[in-house]
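Enquirer: All I have is the shape, not the residue letters:
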């Protein structure tokens, strides 16, 4: 994978972020449409620590496995694991300095984390909402369904 500085020389950098744990069709739609917004798509991947803090566990064995899976998707140019402590990817945004932040169907004006809005404002980064369409799937929904099905099998 190329360095972020080398990628930035290629024009408009789009960033999107999340846990992608587990990966689903909504994520693919987000990545596909986010790539169309610029020249380079960088995915800011939540660390295992961030996901465990947010959801209590991870689906995939490690952030390295999730990173490798996301890197293999043709729309993605670069994946970085967010070095921050919370799940907003603001530390990764400060490193990348994207031109555009692509947000999926679960985010709209008015329900964005204040810290992300603040970082975007400081960086002069445009926020594009509802990239990839409305919320069609959720990692949390998938995990809940798996838990429910396991309970029914007992």
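Expert: Sure thing, it's come through. Being a predicted model, the structure only gives us computed values, none of them experimental. Numbering: from 1, shown residues only.
Enquirer: what phi and what psi does the backbone show at the residue most central in space within the chain?
Expert: What sits nearest the mean C-alpha location of the chain, by Cα atoms, centre = their mean, is residue 17, with 2.0 Å. Dihedral pair for residue 17: phi -150, psi 170, per degrees, to the nearest 10.
Enquirer: Now do it, the pLDDT please.
Expert: The model reports residue 17 with a pLDDT of 93.
Enquirer: For it, give its distance to residue 122.
Expert: For residue 17, the distance to residue 122 equals 17 Å [Cβ to Cβ, to the nearest Å]. For the C-beta atoms, the positions are set from N, CA and C on the backbone; glycine is no exception.
Enquirer: Run through the neighbouring helices and strands of the helix or strand hosting residue 95.
Expert: Element membership of residue 95, judged by DSSP states H and E, is helix 90-96. If contacts are counted by 3 or more Cβ pairs under 8 Å, 6 or more residues apart in numbering; DSSP states H and E, helix 90-96 sits against strand 13-18, strand 40-45, strand 78-81, helix 114-123.
Enquirer: and the nearest residue to residue 50 once chain neighbours are set aside, what element?
Expert: Using Cβ to Cβ, 6 or more residues apart in numbering and skipping residues adjacent in sequence, the residue nearest residue 50 is residue 87, 4.6 Å away. Assigned by DSSP H and E, residue 87 belongs to no helix or strand.
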